[in-house]
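**Student:** No letters, just coordinates:
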Ligand code: SF4
């Protein structure tokens, strides 16, 4: 019945035999309980595309303010296509995963050249940065194309509905394994609402740690609910956490802060400014003062960043190249450049604490 199905404690028969009733319960709940989100007001292809790009890897609560600001400055595909990349990145500053902004920019430039916008998911996957999830989300929501989305929320709901006991390596492999099942369960007549309802249910009711089963419109179909331990699904193999330690440099000279601009080819932060790595200095530092320690997590990495003010001679200051991605940026210009989100916060904090503006050795 279902191609290469992951292992489960049951079959999807209960839902398949009652598909209409299942859809009815889910969609009626969605109509009454969906969140009022800015991209759902007067929806358009542009709003859907922008919001879906932003929502990848980022929480809804964070995206809302970015989306509203974006729409004020870049209200449609034409304006976005005409914008400079620096302007686009500036609007994206703090959202992270900047390749999404670049892809969105390139996508807009391609869209405005088209006589007709494709409505099928396959064609959308030819646009920059658009994979199976984005193509399904955009075409189902905007054109009613009957392609199921499988994101983290849908993985959780499906795994629980069928009490799937397969242990997945990660989210991507779970999505691949569950896509055929998701496609079988979709309401082909209301694909956009169905997809949004599944994601909304996962985001607001079928929560990772404490699912609110008492409020769930489809609990009558849910094997994990019947098992009494819904939070035991989905199952993922444990990922090793890597601890990373990074030393950064805090150096202000003649009213300018030394920053490192990431290489154009960098995967995550291409051409985005950060505080420089201490190792970027072309000489040994004898005297340094720890100003702050900041911790953050990216994926499975736990990163500890130590920020040092260093004691430099005038001669050493002059030896710092303005090439090699190191740049002196006037404190007055900080607002205009695109800094990575955490670094902008740290810089603001350090300036507010009165971090040294000048610490030059006299010898
Ligand atoms: S009944 Fe509970 S576990 Fe099952 S889908 Fe609903 S919220 Fe999730």
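**Tutor:** On my side now, so go ahead. All values reported here derive from a predicted model rather than from experimental measurement.
**Student:** contacts and neighbour counts: CA atoms only from here.
**Tutor:** Will do.
**Student:** residue boundaries of the strands in the chain?
**Tutor:** 167-168, 235-236, 242-250, 252-253, 256-261, 273-274, 288-298, 301-310, 312-313, 326-330, 360-361 (DSSP state E).
**Student:** Residue 90: which of the ones you listed is closest?
**Tutor:** strand 273-274 (11.2 Å; Cα to Cα).
**Student:** Now tell me what touches that closest one from outside.
**Tutor:** 259-262, 337-340, 343 (Cα atoms under 8 Å, 6 or more residues apart in numbering).
**Student:** Out of those, which one has the weakest pLDDT?
**Tutor:** Among the contacts of strand 273-274, residue 262 has the lowest pLDDT, at 80.
**Student:** Who's the closest spatial neighbour of the residue in the stretch 1-150 of the chain positioned nearest to the ligand, skipping the chain neighbours?
**Tutor:** At 10.2 Å from the ligand, residue 26 is the closest residue in the stretch 1-150 of the chain, using Cα to the nearest ligand atom. The shortest distance from residue 26 to any non-neighbouring residue, by Cα to Cα, 6 or more residues apart in numbering, is to residue 217 (6.0 Å).
**Student:** pLDDT wise, what is the one you found at?
**Tutor:** Confidence score, pLDDT, at residue 217: 97.
**Student:** Flag every residue of this protein that's near the ligand.
**Tutor:** 157, 160-161, 205-206, 211-213, 216, 218-219, 222, 224-225, 230 (Cα under 6 Å from any ligand atom).
**Student:** Show the buried residues in these.
**Tutor:** 157, 160-161, 205-206, 211, 213, 216, 218-219, 222, 224-225, 230 (16 or more other Cα atoms under 10 Å).
**Student:** In helices, which of the residues you listed fall?
**Tutor:** Those of these mapping onto helices are 157, 160-161, 224-225, per DSSP state H.
**Student:** show me what contacts the nearest residue to residue 58 once chain neighbours are set aside?
**Tutor:** Using Cα to Cα, 6+ apart and skipping the chain neighbours, the partner closest in space to residue 58 is residue 95 (7.4 Å). By Cα under 8 Å, 6+ apart, the contact list for residue 95 reads 54, 58, 63, 66, 341.
**Student:** Run a quick check on the fourth one versus residue 92, I expect a contact.
**Tutor:** Yes: between residue 66 and residue 92 there is a contact at 7.4 Å, judged by Cα atoms under 8 Å.
**Student:** And those two? Which one has more around it.
**Tutor:** Using other Cα atoms under 10 Å as the criterion, residue 66 and residue 92 rank with residue 92 on top: 23 against 17.
**Student:** count of residues packed around the closest residue to that one other than its chain neighbours?
**Tutor:** Leaving aside its chain neighbours, residue 92 sits nearest to residue 101 (6.6 Å; criterion: Cα to Cα, 6+ apart). When neighbours are defined as other Cα under 10 Å, residue 101 has 23 of them.
**Student:** Repeat that for residue 290.
**Tutor:** 14.
**Student:** Domain ranges for this structure, per the record?
**Tutor:** 13-236, 242-361 (automatic domain parsing).
**Student:** just those domains: most buried one?
**Tutor:** Ranked by mean neighbour count, these are led by domain 13-236 with a mean of 18 (mean count of other Cα atoms under 10 Å).
**Student:** Show me how far it is from its chain's centre.
**Tutor:** Distance of domain 13-236 from the chain centroid (Cα atoms, centre = their mean, to the nearest Å) equals 12 Å.
**Student:** just stretch 260-277 next, same as before
**Tutor:** 18 Å.
**Student:** quick one: the closest residue to the ligand within the stretch 251-363 of the chain and residue 171, what's the gap?
**Tutor:** Minimum separation of the stretch 251-363 of the chain from the ligand (Cα to the nearest ligand atom) falls at residue 299, amounting to 24.6 Å. Separation of residue 299 from residue 171 (Cα to Cα, to the nearest Å): 12 Å.
**Student:** Tell me which residue lies nearest the centroid of the chain.
**Tutor:** For the chain, residue 57 is the residue whose C-alpha lies nearest the centre (Cα atoms, centre = their mean; 2.2 Å).
**Student:** next one: phi and psi at that one?
**Tutor:** Note on residue 57: its backbone torsions stand at phi 70, psi 0 [degrees, to the nearest 10].
**Student:** That one and residue 95, how far apart?
**Tutor:** For residue 57 relative to residue 95 (Cα to Cα), the value is 9 Å.
**Student:** Other residues contacting stretch 131-139?
**Tutor:** Residues contacting stretch 131-139 (Cα under 8 Å, 6+ apart): 45, 48-49, 52-53, 119-122, 124-125, 145, 147-151, 192, 195.
**Student:** Of these, which belong to helices?
**Tutor:** Counting by DSSP H, the contacts of stretch 131-139 place 45, 48-49, 52-53, 121-122, 124, 192, 195 in helices.
**Student:** what's the closest of those residues to residue 284?
**Tutor:** residue 53 (42.8 Å).
**Student:** returning to what we had before: which of the domains of the chain comes out lowest on mean pLDDT?
**Tutor:** Minimum mean pLDDT among those: domain 242-361, a mean of 83.
**Student:** Leaving out the residues flanking it, which one is nearest to residue 339?
**Tutor:** residue 273 is the one closest to residue 339 (Cα to Cα, 6+ apart), at 4.6 Å.
**Student:** picking up where we left off before, mind putting the contacts of residue 95 into TSV with distance to residue 355?
**Tutor:** Shown next, in TSV, are the contacts of residue 95 (distance: Cα to Cα, whole Å):
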residue	distance to residue 355
54	34
58	31
63	31
66	30
341	19
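**Student:** Out of the residues you listed, which two are the most distant from each other?
**Tutor:** Once Cα to Cα is applied, the contacts of residue 95 give 54 and 341 as the farthest pair, at 14.7 Å.
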